[in-house]
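Below is the sequence, then the predicted model.
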Amino acid sequence: MRQPYVDDLAARFAGDCQVLRHGSAALVELAEAKLAGESPAPAAVAKALAGLFDQPGGERIDVVVNACTHFPLLGEELAAAAPSGVRFVDGGPGIARRIESLTAGQDWAAAPDVLVFTGLGERERRVAAGLAFARVEAL
């Protein structure tokens with residue numbers, strides 16, 4: 001979770017705060033399973049969040065920024081699993097701006113309603129089935 005871009009965001013927007021970072025592949029899996037129609041187990045969401053709240057200083061967390069486009073899909077589950085009073089911020093708009101800056105100047109086909117993955121395996125096909133895109137492609 002140490003990235004210069006994230007370090008810069010923390011310095012500019014949370015310079016007066018203690019910032020704890022936690023990446024969770026388990027939350028990504030749970031969000032993708034939810035897209036595929038499965039209900040996330042509350043215990044699995046709580047276990048994934050424990051990696052954040054169990055860090056030194058985790059008991060003082062009052063705001064969590066969802067720095068992954070997957071996590072807002074679990075908004076209700078995250079709120080239910082988190083300690084009372086913790087507020088979640090959807091980082092999606094900022095992530096979209098970052099992707100736009102990273103892909104500026106790339107030649108993208110102008111095709112509406114296309115879902116693009118970096119790979120197209122069984123997991124991606126399950127996720128795609130839960131979304132309403134006309135076409136699914138892999139880079």
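Looks like it arrived, so ask away. Residues are numbered from 1 along each chain as shown.

which residue sits closest to the spatially most central residue of the chain in space, ignoring its chain neighbours?
Centroid-nearest residue in the chain, with Cα atoms, centre = their mean: residue 68, separated by 2.2 Å. In space, and not counting its chain neighbours, residue 68 is closest to residue 28: 6.7 Å by Cβ to Cβ, 6 or more residues apart in numbering. Bear in mind the C-beta positions are built from the backbone N, C-alpha and C, glycine included.

Roughly how far does that neighbour sit from residue 63?
Separation of residue 28 from residue 63 (Cβ to Cβ, to the nearest Å) stands at 21 Å.

rewinding a little: the residue nearest to the centre of the chain touches residue 29, doesn't it?
No: between residue 68 and residue 29 there is no contact under Cβ atoms under 8 Å: 11.9 Å.

which SS class is residue 116?
Judged by DSSP: H, G, I helix; E, B strand; the rest coil, the three-state class of residue 116 is strand.

Poorly predicted segments of the chain, please.
1-2, 108-111 (pLDDT under 70).

Where do the strands of it begin and end?
For the chain, applying DSSP state E gives strands covering 63-66, 87-90, 114-117, 135-138.

And the residue nearest to residue 68, how close does it get to residue 15?
29 Å.

more crowded one of those two?
When residue 28 is set against residue 15 and neighbours are counted by other Cβ atoms under 10 Å, the residue ahead is residue 28, at 17 against 8.

That one against residue 70, yeah?
Yes: counting by Cβ under 8 Å, residue 28 does reach residue 70; the two are 4.9 Å apart.

Tell me, how many residues neighbour the spatially closest residue to residue 40 that is not a sequence neighbour?
Leaving aside its sequence neighbours, residue 40 sits nearest to residue 30 (Cβ to Cβ, 6+ apart; 4.4 Å). Around residue 30 there are 25 other residues, counting by other Cβ under 10 Å.

if I pick residue 30, what's in contact with it?
40, 44, 45, 48, 74, 77 (Cβ atoms under 8 Å, 6 or more residues apart in numbering).
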